[in-house]
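With the sequence up front, the predicted model follows.
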Amino acid sequence: MKFRNCVVAVAGALFLALTSFAQITAIEGDVKAPDGSPAVKAVVKITRTDIKGNYKCETNKKGHYFYNGLPLGTYTISVEIDGKEVDKVNNIRTSLGDPKNISFDLQQRAARQQQQNAKIAAAASGAGPALSKEEERSMSKEDKERMEKAIKEREQAMKKNKELNDTFQAGLAAAQAKDFDTAITNFTKASELDPKQVAVWAQLADAYVASSQKKTGADFDTGMAKGIEAYGKAIELNPTDAATHNNFAIALGKARKFDDMQKELQKAAELNPPGAGGYYYNMGAMLTNAGQSEAAIEAFKKAIATDPNHAEAHYQLGVALTAKMTMNGDKPVPAPGTVEALQKYLQLAPTGPNAEAAKQLLATFDAKIDTSYKNPTAPTKKKK
């Protein structure tokens with residue numbers, strides 16, 4: 001009886017051993033690198049998730065891996081290259097029979113990830129459709145974090161843009177009302193909200209310069225210095241804007257930095273050749289106000305050379321040249337070019353703001369005044 005029980009016990013043990021042996025499974029697959037070539041010596045980690053169990057192997061020179069002897073169960077398979085996890089699949093359930101094939105194509109994965117990133121970015125920015133519930137559930141933890149971050153940044157940007165616009169508009173309204181201190185406060189705040197807005201720095205510079213005109217001494221110098229600094233910021237952001245260089249030059253002239261002023265106006269003329277006449281005219285006017293008549297004359301000549309129809313440049317050249325007139329007894333003798341400049345002004349602007357002054361100067365020199373001057377650029381009436 002005892003012998004029979006032993007035989008039965010041995011048979012039971014043998015049955016359990018055969019059952020356990022039959023439940024061993026295998027996993028294999030290929031790993032392709034991001035460039036499409038076989039990933040050699042990539043580490044494949046096989047982690048059992050229903051109970052504790054960790055296994056790993058490496059790919060061969062063909063990028064293939066094979067792991068035999070795995071118990072039936074549920075696994076996560078991941079791939080590491082150079083110590084960094086590059087891909088993984090979850091919830092792999094092994095089964096009896098042929099090895100389960102789990103392959104990784106990192107090139108295709110990168111393309112899918114790029115498409116996924118673009119879709120997430122578009123959805124987060126509002127430029128594309130929202131993700132479906134299924135797409136959200138399929139997102140990785142990293143993708144979810146990236147999307148949440150993008151949405152938060154968009155909301156902050158929208159709030160910031162509204163605040164920036166409101167502050168900038170408040171600055172413009174204050175500047176138009178000649179409340180330059182309030183304008184400076186608002187434009188300064190706008191520059192802090194977004195330091196890369198050219199218009200903000202330009203308006204801040206204008207406000208400082210305008211405010212400084214009502215001040216003297218150290219207050220004037222401080223305000224002008226801040227205005228010049230703000231112009232520098234605007235030009236740094238957009239160095240090819242001729243108008244900003246022109247306005248900067250005018251500020252420099254008011255600060256009596258005439259060498260720098262001329263450089264900026266020269267730069268404006270180079271950047272905008274069609275407007276060069278106006279920039280050289282501004283140069284001449286600023287130099288005239290500074291008492292630098294010789295330099296002013298040269299600037300007005302440049303204005304005329306680039307724009308022969310710039311009437312005011314002709315007039316101001318004539319006025320500047322009167323400083324060079326001489327006397328022949330009690331008769332004034334105009335310097336060469338004086339009469340021609342004044343006559344040209346009257347030809348271009350016979351009813352201009354300086355027409356009477358030009359005629360009086362010509363009368364002083366006993367020069368002929370042609371009362372039939374007509375503006376050559378004025379439209380002519382068609383004959384019926």
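It's in. Numbering: from 1, shown residues only.

what's the domain layout of the chain?
Structurally, the chain divides into domains by automatic domain parsing as follows: 2-104, 161-364.

any idea which of these is most buried?
Compared across the domains of the chain, domain 161-364 shows the largest average neighbour count, a mean of 18 (mean count of other Cβ atoms under 10 Å). Bear in mind the C-beta positions are built from the backbone N, C-alpha and C, glycine included.

can you give me the end-to-end distance of that one?
One end of domain 161-364 sits 62 Å from the other (Cα to Cα, to the nearest Å).

Now residue 104, what are its backbone angles?
phi -130, psi 120 (degrees, to the nearest 10).

which residues does it contact?
29-32, 39, 79, 86-87 (Cβ atoms under 8 Å, 6 or more residues apart in numbering).

Please repeat the previous calculation with a cut-off of 6 Å.
By Cβ atoms under 6 Å, 6 or more residues apart in numbering, the contact list for residue 104 reads 31, 79, 87.

One more: residue 171?
Shown here is residue 171, whose contacts under the criterion Cβ under 6 Å, 6+ apart are 183, 186-187.

which one of those residues is nearest residue 228?
residue 187 (15.1 Å; Cβ to Cβ).

who's in contact with that closest one?
Per Cβ under 6 Å, 6+ apart, neighbours of residue 187: 171, 200, 203-204, 207.

Looking at those, which one is closest to residue 178?
The nearest one, if we look at these relative to residue 178 and count by Cβ to Cβ, is residue 207, at 10.1 Å.

Where does the closest residue to the closest one other than its chain neighbours sit, in terms of helix or strand?
Nearest in space to residue 207, with sequence neighbours left out and distances taken as Cβ to Cβ, 6 or more residues apart in numbering, is residue 183 at 4.2 Å. Per DSSP states H and E: residue 183 is located in helix 180-193.

How about residue 312?
helix 311-321.

Flag the least confident of the contacts of residue 104.
Ranked by pLDDT, the contacts of residue 104 bottom out at residue 87, which has 91.

quick one: which of the contacts of residue 187 sit in helices?
171, 200, 203-204, 207 (DSSP state H).

mind putting these in a markdown table, distance to residue 91 and pLDDT included?
Output for the ones in helices among the contacts of residue 187, formatted as a markdown table (distance: Cβ to Cβ, whole Å; pLDDT from 0 to 100):
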| residue | distance to residue 91 | pLDDT |
| --- | --- | --- |
| 171 | 59 | 92 |
| 200 | 54 | 91 |
| 203 | 60 | 92 |
| 204 | 59 | 94 |
| 207 | 64 | 94 |
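
For those residues, work out which two are farthest apart.
Once Cβ to Cβ is applied, these give 200 and 207 as the farthest pair, at 10.7 Å.

for the residue nearest to residue 207, what are its contacts?
When contacts are counted by Cβ under 6 Å, 6+ apart, residue 183 touches 171, 174-175, 207.

Turn those into a markdown table, columns for distance to residue 283.
Below are these laid out as a markdown table (distance: Cβ to Cβ, whole Å):
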| residue | distance to residue 283 |
| --- | --- |
| 171 | 29 |
| 174 | 31 |
| 175 | 25 |
| 207 | 24 |
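
Can you show me the strands along the stretch 201-350 of the chain?
All strands of the stretch 201-350 of the chain, identified by DSSP state E, counting those that start in this stretch, fall at 326-328, 331-333.

mind putting those in TSV, mean pLDDT included?
Shown next, in TSV, are the strands of the stretch 201-350 of the chain (pLDDT from 0 to 100):
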stretch	mean pLDDT
strand 326-328	88
strand 331-333	89
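
The ones you listed: which one's closest to residue 362?
Nearest to residue 362, of all the strands of the stretch 201-350 of the chain, is strand 331-333, at 11.5 Å by Cβ to Cβ.

For the domains of the chain, which has the smallest mean pLDDT value?
domain 2-104 (a mean of 83).

how close does residue 73 sit to residue 52?
Note on residue 73: its distance to residue 52, by Cβ to Cβ, to the nearest Å, is 10 Å.

again but with residue 285, I slipped
87 Å.

now swap in residue 111 and tell me
Counting by Cβ to Cβ, the separation of residue 111 from residue 52 is 35 Å.

Which residue lies closest in space to the residue nearest the centre of the chain, excluding its sequence neighbours?
Centroid-nearest residue in the chain: residue 196, 6.9 Å away (criterion: Cα atoms, centre = their mean). Leaving aside its sequence neighbours, residue 196 sits nearest to residue 237 (Cβ to Cβ, 6+ apart; 6.2 Å).

can you give me the strands in the stretch 51-200 of the chain?
Assigned by DSSP E, counting those that start in this stretch, the strands in the stretch 51-200 of the chain fall at 53-58, 64-71, 74-81, 84-93, 100-101, 104-105.

Could you dump those into CSV with distance to residue 273 added?
CSV is the format used below for those (distance: least, Cβ to Cβ, whole Å):
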stretch, distance to residue 273
strand 53-58, 68
strand 64-71, 68
strand 74-81, 58
strand 84-93, 56
strand 100-101, 70
strand 104-105, 58
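
Compare those strands and report which one is nearest to residue 317.
Of those, the one closest to residue 317 (Cβ to Cβ) turns out to be strand 84-93, at 73.7 Å.
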